[in-house]
Each structure stands twice: as C-alpha cells, then as structure tokens.
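Enquirer: I'll drop the sequence and a predicted model, then ask my questions.
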Amino acid sequence: MRKLGLLLLAACILIPATANAMLVADSVAEFSGVQGQDNWEYCYYTGPFNWPAAYDLSHVYRLPLWDGSVAWHYTMSPPPWTMLASDWGHPNAEDQAGTARHWAVRRWTSDVTGLATISGFLAKRDPGGGDGVIGRVFVGGRPVYTRWIAYNDATGVNYSITVPVAAGAPVDLVIDPFGNTGYDSTYLTGRVNTIPTRIIADSVAEFSSTQGQSNWYYGYYAPGGNPNTFGLMTWSSANSRWEGPAADLALWPDGGHPGGDLHWSVRRWIAEVDGEITIDGAFRRNNSETGNDWLNDGIAGHIYLNGNEIWQEGLDRWISQGVINTDTTPFSLTLTVHAGDRIDFGVDPRTIHWYDGFDFFAAVSTNVPEPATMSLLGAGLLALAARRRRR
C-alpha cells in the first residue's frame with residue numbers, strides 16, 4: 001500500500017508537469033494540391049470587409065485551380081491575382097480593372113477542442129512597392145490577430161496568439177491587400193499547437209445577458225479609472241449588449257467601447273480557484289473608420305488584480321500616415337490567485353472617447369487536469385492495486 005500511495009503522489013505531480021503542447025496543424029508541411037487534405041483548404045473571401053461588419057464565413061470559397069506543382073489560383077490568366085502557394089500568397093484589390101476585392105484565405109478546420117497557440121511568420125515577399133498588406137487570423141469567424149505590414153517590410157514578424165478552439169471551427173489565415181494590389185505577394189504561415197491545460201473561464205464563450213453568470217460581471221469605472229468606482233452596466237435587449245450611464249459606453253462578446261466623460265468599460269471575472277492561473281488573450285482597436293481623424297487619440301487596455309494594475313498597453317490612433325492602427329497586442333500572464341479575487345479587464349478612452357471601439361478578450365486556464373483525466377488515472381491505479389492484492 002505504501003508503494004501505491006507513492007505511485008498516486010507521483011502521478012498527481014507528473015501529469016501537469018509533463019504535459020506538453022502538441023502540434024496538430026502545419027500550413028507549410030501539410031500544403032497540398034488536394035483541397036481538404038489534412039483539414040486544409042485554399043480559399044478566397046469576397047466581403048464584407050470593413051468594421052463594424054462581421055467576417056462572413058458563408059463568403060469564403062475554395063480557389064478552383066491547382067497549377068499542378070506550386071499554387072492554387074483563382075484564375076490562370078490574372079487579374080484577379082488571388083492565389084496561395086506553400087508559404088505565401090497574393091490577394092486582389094479593386095484597382096485591377098473589372099475585378100473584385102479578394103482576401104486570400106488559407107483555412108484549417110480544427111479537429112480538436114481546447115486551448116491552442118496559433119503561430120507563424122508574416123512578411124512581404126515582394127518589397128518592391130505597393131502600400132502594404134494586412135495579415136489576419138480568424139477562429140470560428142472571430143478576429144483574433146491583425147497586423148499591418150509596410151510595403152517594404154521583408155523582415156516581418158513572428159506572431160503568436162493563444163486562444164480557445166473548438167472541433168469543427170475554421171482557423172483562417174488571411175492576406176488582405178489593404179489598399180491596392182501592387183506588389184502584394186506576402187508570406188503568411190501558421191502552426192497550431194494544442195495546450196493540455198484546463199480552461200476555467202472564457203470571456204467570449206461565457207458572455208451573457210446576466211450579471212454574475214459564470215463569474216463574469218459587466219461594468220465601468222467612473223472618470224479617472226479608479227477600480228473602487230466599479231459600477232454595473234444595464235443589458236440592452238434592443239442592441240444585444242451591455243450599456244453604461246455615459247454616451248457610447250458598452251460591452252459585447254469580444255470587445256466594447258469606452259464612454260463619454262472618460263468612463264472606462266470594464267469586464268470583471270471573479271476567481272473560483274486557488275493557485276496558479278494563466279490568462280491568455282489579445283487587445284486591439286477595431287474601429288477603422290477614417291472620418292473625423294482629429295477626434296481620436298487612441299485607447300489603453302488595463303488588467304487589474306484586486307485593484308492593482310498587472311498589465312497595460314496603449315494603442316495610438318495611427319501606425320503611420322494614412323494607416324489606422326488596428327494591430328493586435330497578444331498577452332499571456334501567469335499569476336497566483338485565491339477564490340474570490342477580482343480580475344478586471346478595463347479600457348481607458350484617454351482624453352477623447354469617439355471612434356474607440358475595441359477587441360479585448362481572454363481565456364483563463366490552469367494546469368490542473370480535467371476531472372475526466374483524474375478519474376481515468378484513479379481507475380487505472382485502483383485496477384493496479386486490485387491485481388497486487390490478488391497476487
């Protein structure tokens with residue numbers, strides 16, 4: 001029995017400690033001339049394109065032509081220039097006479113459920129001209145990563161975003177031509193690694209019209225951003241969102257808008273566990289409207305633990321002249337909490353609240369295995385004990 005006790009102790013220690021991320025998809029290694037092979041499809045998207053319109057999954061279509069060795073094409077006699085090769089692609093814009101705007105879409109359909117890290121490389125392949133491109137990642141039709149790349153940026157970025165995925169959900173790697181089509185050949189790759197942790201809170205999946213459901217509360221800070229001034233918003237059935245006492249102050253499933261008179265919009269989660277947790281998510285401005293540019297000075301996102309700031313990121317209105325900032329800032333925080341602790345996700349309008357729509361979402365996970373995993377472990381150890389007794 002002493003050995004069995006030691007075995008139980010070792011198992012409880014080793015299961016979380018030895019759990020590793022597992023690669024489940026690789027856009028380059030699994031590139032194919034067969035649509036659907038290894039759950040990959042090679043597609044294009046026809047709109048709508050601009051916020052606040054949603055990315056419409058019903059408007060994603062397979063590219064019809066494989067050239068036999070290198071790439072998928074919309075046509076073999078461009079324009080349109082829409083195509084996808086193993087690690088790069090080309091979108092199309094309306095500046096090509098008689099053609100429509102296309103985003104080039106490399107799609108993987110998930111066959112797993114849980115927390116996953118989507119990572120890859122984004123850069124211009126042809127830095128000779130043009131006005132840049134935007135790389136985007138959507139999960140289940142929801143934007144989780146956006147990054148503008150300048151026309152001459154061949155260095156690019158290695159991106160990484162950790163988000164929940166569900167079996168059957170499409171993961172779309174998108175090349176957006178931004179303005180015109182010229183010189184828009186772009187590298188965009190993606191690898192998906194599942195993370196064997198337990199999701200205990202998800203700000204998007206658990207969004208609700210009821211305060212306190214799944215430990216989520218929807219509110220605001222009074223002008224000045226003092227966490228002690230947290231107040232609750234009111235649900236608007238007409239707009240299907242939470243709304244506060246100031247103009248434009250609102251929260252919806254994956255984002256919201258701060259309010260007039262410098263009110264912050266705040267999403268609060270109350271911890272229900274003791275121990276170490278990880279918070280993974282992202283923050284970005286999602287308003288790409290160009291009117292009244294002088295009326296906006298950007299926003300700032302904040303995360304507070306029991307009223308103490310543990311993360312902050314400011315997002316200016318502009319990246320460069322003529323380029324509105326909608327780039328994504330991913331975050332990953334590991335901290336120790338106790339049941340009842342307050343974690344606030346707040347957005348500050350700075351000094352002007354107009355054109356301040358944002359995405360700000362998070363998933364909270366722990367290394368404690370799912371109950372089913374522990375039950376399976378227990379059953380196996382009990383069977384082992386029974387065999388020992390029979391001997």
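Expert: Now that the structure is in, tell me what you want to look at.

Enquirer: Just give the closest residue to residue 94, not the sequence neighbours.
Expert: Setting aside the residues directly before and after it, residue 94 is nearest to residue 101 in space (Cβ to Cβ, 6 or more residues apart in numbering), at 5.4 Å. In this view, the C-beta of every residue, glycine as well, is placed from N, C-alpha and C.

Enquirer: isn't that neighbour right up against residue 93?
Expert: Yes: with contact defined as Cβ atoms under 8 Å, residue 101 counts as touching residue 93 (5.5 Å).

Enquirer: Comparing these two, which residue is more hemmed in?
Expert: Shown here are residue 101 and residue 93; by other Cβ atoms under 10 Å, residue 93 has more neighbours (23 against 20).

Enquirer: so residue 58 sits in a strand?
Expert: No: secondary structure of residue 58 (DSSP: H, G, I helix; E, B strand; the rest coil): helix, not part of a strand.

Enquirer: can you tell me how far it sits from residue 340?
Expert: 44 Å (Cβ to Cβ, to the nearest Å).

Enquirer: More neighbours: these two, which one.
Expert: residue 340 (10 against 7).

Enquirer: shouldn't the more buried one be in contact with residue 269?
Expert: No: Residue 340 is not in contact with residue 269 according to Cβ under 8 Å; the separation is 11.4 Å.

Enquirer: I'd like the mean pLDDT over stretch 130-145, please.
Expert: The pLDDT scores in stretch 130-145 average 95.

Enquirer: Any buried residues in that stretch, and which?
Expert: 130-140, 142-145 (16 or more other Cβ atoms under 10 Å).

Enquirer: ranges for the helices of this structure?
Expert: 2-18, 371-390 (DSSP state H).

Enquirer: Where does the prediction get shaky in the stretch 251-391 of the chain?
Expert: Counting by pLDDT under 70, the stretch 251-391 of the chain shows low-confidence ranges at 288-296, 318-322, 368-391.

Enquirer: Next, name the residue at the spatial heart of the chain.
Expert: Compute the mean C-alpha point of the chain, and by Cα atoms, centre = their mean the closest residue is residue 144, 2.4 Å away.

Enquirer: can you pull the contacts of that residue?
Expert: Taking Cβ atoms under 8 Å, 6 or more residues apart in numbering as the criterion, residue 144 is in contact with 118, 137, 138, 161, 163, 282, 328, 361.

Enquirer: Just these: which are in strands?
Expert: Of the positions in the contacts of residue 144, 118, 137, 138, 161, 163, 282, 361 sit in strands, assigned by DSSP state E.

Enquirer: picking that back up, what's the residue nearest to residue 94 in contact with, if anything?
Expert: 46, 47, 49, 91, 92, 93, 94, 177.
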